[in-house]
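S.K.: pasted the sequence and its predicted model underneath.
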Amino acid sequence: MPTLKKILSQKTDQQLMYYVNNPNKHTDEAVDLALVELRSRGVELPENINQVITEKKAAFEKQKRRNKFYFSGITVAFCIVGGMFSIGAAIAVMAYHEILKSLLGIDCMYSWYFMWFSTGVFSIGLPLFFFRYFQSMKPESMTYLLGFFFMYSVVEIICLQVFFLMFTADLTSMCEANSHILPTNNWGLLLAYVVLIMISVVFERSDVNIKSEE
């Protein structure tokens, strides 16, 4: 506290008023010390300055709730109608495996292993990329967030489903049968949805999930 008080004592009146006018950006201690410093300098402040600060904090919290993007709720709704994405995952697997095996000439077994590895990398990389994009978004760009989040969710759930389904797949038998379709495993599909929802909860609770217009 003495250190913070010393720092504030070196600031100008205008800088101290910034603390008072923007209490949501500073700790309660910093705002209180700024008030004490301003009063010690004889700066004229409204008599109800403490009430004004409280009202500003309340207004900010209200604005914060309004601007918060509820990723988890949208993801749950997305998962409820997620059956069609299992079909999308199957089509993506068939196309991807055919490209690796036929066009690129990769051995059947290695092509499955490469698909397993690549979907695992994408499953980790896509959330990081989306979070980075979300961090850089401006408040006026929030109208595009829902569409971008939907596209991210589609690709992410497909990668997760393929990655988890391959844990139980008998790749040797599949290559011998020249099959391009992964066997269905309800636990693998369920785990993919659970992971997707968990990632969305992390997004929702992150500090950057506030897009203030101020």
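M.R.: Nice, thanks for sending it over. Numbering: from 1, shown residues only.

S.K.: give the burial count for S206, as a bare number.
M.R.: 13 (other C-beta atoms under 10 Å). Bear in mind the C-beta positions are built from the backbone N, C-alpha and C, glycine included.

S.K.: ok, it touching P127?
M.R.: No: with contacts counted by C-beta atoms under 8 Å, S206 stays clear of P127, the gap being 11.3 Å.

S.K.: for the helix or strand harbouring F131, packing partners?
M.R.: F131 belongs to helix 108-136 when assigned by DSSP states H and E. If contacts are counted by 3 or more C-beta pairs under 8 Å, 6 or more residues apart in numbering; DSSP states H and E, helix 108-136 sits against helix 83-98, helix 145-165, helix 171-176, helix 186-205.

S.K.: could I get the contacting residues of the closest residue in space to T172 that isn't next to it in sequence?
M.R.: Nearest non-adjacent residue to T172, counting by C-beta to C-beta, 6 or more residues apart in numbering: M109, 7.3 Å away. By C-beta atoms under 8 Å, 6 or more residues apart in numbering, the residues touching M109 are L171, T172, C175.

S.K.: go on, G120?
M.R.: G120 neighbours (C-beta under 8 Å, 6+ apart): C159, F163.

S.K.: low-confidence ranges in this protein?
M.R.: 1-2, 58-68, 82-89, 139-143, 179-185, 207-214 (pLDDT under 70).

S.K.: can I see the domain layout of the chain?
M.R.: According to automatic domain parsing, the chain comprises the domains 2-66, 68-205.

S.K.: list the buried residues for the helix or strand L16 falls within?
M.R.: For L16, the host element (DSSP H and E) is helix 13-21. Within helix 13-21, the residues that qualify as buried are L16, M17, Y19, V20, counting by 16 or more other C-beta atoms under 10 Å.

S.K.: next: stretch 130-139.
M.R.: Using 16+ other C-beta under 10 Å as the test for burial, stretch 130-139 gives F130, F131, F134.

S.K.: how about stretch 164-172?
M.R.: Buried residues in stretch 164-172 (16+ other C-beta under 10 Å): F164, L165, M166, A169, L171.

S.K.: list the single closest residue to the first one in space, sequence neighbours excluded.
M.R.: Put plainly, it is F164. G188 (3.9 Å).

S.K.: and if you look at K5?
M.R.: Nearest to K5 is L33, by C-beta to C-beta, 6+ apart, at 5.4 Å.

S.K.: wait, isn't that neighbour in contact with L8?
M.R.: Yes: shown here, L33 and L8 form a contact pair, counting by C-beta under 8 Å, at 5.2 Å.

S.K.: list the contacts for F122?
M.R.: By C-beta under 8 Å, 6+ apart, the neighbours of F122 are V155, E156, C159.

S.K.: let me fix that: L4
M.R.: With C-beta under 8 Å, 6+ apart, L4 has these contacts: E29, A30, L33.

S.K.: now the residues you listed as TSV including distance to V93 and secondary structure?
M.R.: Shown next, in TSV, are the contacts of L4 (distance: C-beta to C-beta, whole Å; DSSP: H, G, I helix; E, B strand; the rest coil):
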residue	distance to V93	secondary structure
E29	56	helix
A30	55	helix
L33	61	helix
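
S.K.: M151: which of those is nearest?
M.R.: Comparing the contacts of L4 against M151 with C-beta to C-beta places A30 closest, at 41.2 Å.
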